[in-house]
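J.: Here's a sequence, model it:
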Amino acid sequence: MIPTSPHQPIFPAPLHKGTTVGVSAISDGVAGAYHPHLDKCLKNLRSLGYKVIEGDCLRDSHEGVSAPREDRARELMAMFDNSNISAIIPPWGGEMFIDTLPLIDFAKIKSSTNKWVMGYSDTSTFLFAKTLVSGVATAHGPCLMDMGTIGDNHPLTSWTDILNSEINSQIVQKSFPRCLTVWPDMVKGPGSPLLFDKETHWKAFYQGNDIQHLELKGRLIGGCLETLRNLVGTPYGDFNKLKKKWKNEGVIFYLESAGDLPSTVYRNLWQLKMAGWFEGIKGVVLGRFPKMTYPEDSYIRAVLSVFKECEIPLIYDADIGHVPPQMVFINGAYSQINFNDGDATVVQNLG
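T.: Numbers count the residues shown, from 1 in each chain. Next up is the predicted model:
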C-alpha cells in the first residue's frame, strides 16, 4: 500500500501509439555528421507507431548547444503549449541546460496539458527541476539518439510500455543480464546495433560492508551526478524541501554518471553529502560508470569511500544512465526496489 501524502505527484497521461512526440535539443544539438543516425532514430520512432514533430532547435550544435538559451526555452515551452504533443524526447544531453532553467515557466508547465519528458544526462537537469518545482512526474530513460536499433524485444523498447502505462497502474522491471561496453560509431555506422557484451550484477553496500539482500521503498527522484550537483543551493535543487513533502513515503535517490574523473565523482558526492542530500532518505541507487581512461575499480573505490561514512544503504552497478540498456525510472513514482544476490526488481506505482 502506498502511504498517503498531500503532495502526490501529477502523472502525465499514457503515451498511446498514434500520439505525437516532440523532439527538441534542449541542451546540445545534433551536428551534421550525426544527421544520418538522427534520421534513423526518427524513422524507428515512427515505426513504433508515433507521430513526430521536429523542433527548430535540433539539427545544429555550436559551442555545446543547439541554439541560444532563449530559443531553446521558447521552443520547449511551445511544445508544452501544443496539445497535440504527448511527450518530449531530446536527442541526447549535453552540458549547458542549467542556464536555461530561469527561463522556464514551471507554473505554466504545471497548469498545462501534462506530457511525458524523457531522457538522461544533462536532460535530467530539467527532469529533476520539473518534478521538484512543479510536482509533475518525469521519466529518466533513453534519449532519441539511443534508439537507432530498437525493435521488438529489444531492451530499449521497454520505455514504450512504461510511458504507455495508465495512471494508478504498476510498472515492474527486472535487471538486465548484460550491458554494453563500447558504443558503436554513430557517424561511420548510423543505426549500428548495440552489442550487449558484458554480464551485469547489481551490488549493494551498507556501513562499510557488501550486502547481498536489500529492500528499498520510497518515491524515486534523481538524475546525472555531474549536472545535479550544480543545482545545490539553487531554487531548482531544494532537495531538503522535497524530502519534507515526501516524508510520509520516503525518498529513494538515484544517480548516474557521465564518466568524470574518479576524483571529480568523489568531490561531487561529497558536495551532495555536505549539502544534506543523503540525510533522511531510504537509500541511493547508482548506475554504472562508462568505460573511460580510468579503470572501473577506481570509480567504485571513490564511491564506496564516501558511502562508508553514510547512514544509508547504496545500490550500485544498476541499470540506469550512460551504460545501456537502462531501466526507466519515473521521478515521483512510489517504488519498491528488491535487490537479491546480484539481481533486482524495481516496482513503480504511477499514483
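J.: residue ranges of the strands in the stretch 51-200 of the chain, please?
T.: Along the stretch 51-200 of the chain, the stretches classed as strands by DSSP state E, counting those that start in this stretch are 51-54, 85-88, 116-119, 138-140, 170-174, 178-180, 196-199.
J.: Would you mind writing the CA trace of the third one as CSV?
T.: Coordinates of each C-alpha in strand 116-119 appear next as CSV, following Å, rounded to 0.1, in the frame of the first residue of the first chain:
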residue,chain,number,x,y,z
TRP,A,116,6.0,13.0,-20.5
VAL,A,117,9.5,14.2,-20.9
MET,A,118,12.2,11.5,-21.1
GLY,A,119,16.0,11.5,-21.2
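J.: Now do that strand, average pLDDT.
T.: The pLDDT scores in strand 116-119 average 98.
J.: what residues does that strand touch?
T.: Here strand 116-119 makes contact (CB atoms under 8 Å, 6 or more residues apart in numbering) with 12, 15, 86-90, 92-93, 123, 126-127, 130, 138-143, 159, 163, 328. Where C-beta positions appear, they are placed from N, C-alpha and C, glycine not excepted.
J.: Sheet-wise, list the partners of that strand with their directions.
T.: Each strand paired with strand 116-119, and its direction, by DSSP bridges: strand 85-88 (parallel), strand 138-140 (parallel).
J.: Check the fifth one too.
T.: Strand pairing for strand 170-174, using DSSP bridges, gives strand 343-349 (antiparallel).
J.: So which bits of the partner strand are buried?
T.: With burial defined by 16 or more other CB atoms under 10 Å, the residues of strand 343-349 counted as buried are A344, V346, Q348, N349.
J.: Residues contacting it, please?
T.: By CB under 8 Å, 6+ apart, the residues outside strand 343-349 that reach it are 2, 168-175, 201-202, 220, 315, 318-319, 327, 329-330, 333-338.
J.: ok, now with 7 Å
T.: 2, 170-175, 202, 220, 327, 330, 333-338 (CB atoms under 7 Å, 6 or more residues apart in numbering).
J.: Same question for stretch 222-241.
T.: By CB under 7 Å, 6+ apart, the residues outside stretch 222-241 that reach it are 98, 101, 120-122, 124-125, 127-129, 132-133, 140, 253-258, 260, 265, 268, 271-272, 275-277, 329.
J.: Show me the shaky parts of the stretch 101-250 of the chain.
T.: Counting by pLDDT under 70, the stretch 101-250 of the chain shows low-confidence ranges at 151-153.
J.: Report the contact partners of the residue most central in space within the chain.
T.: The chain has H140 as the residue nearest its centroid, 2.5 Å off, counting by CA atoms, centre = their mean. By CB under 7 Å, 6+ apart, H140 lies in contact with Y120, S124, L127, G222, G223, I320, V328, F329, N331.
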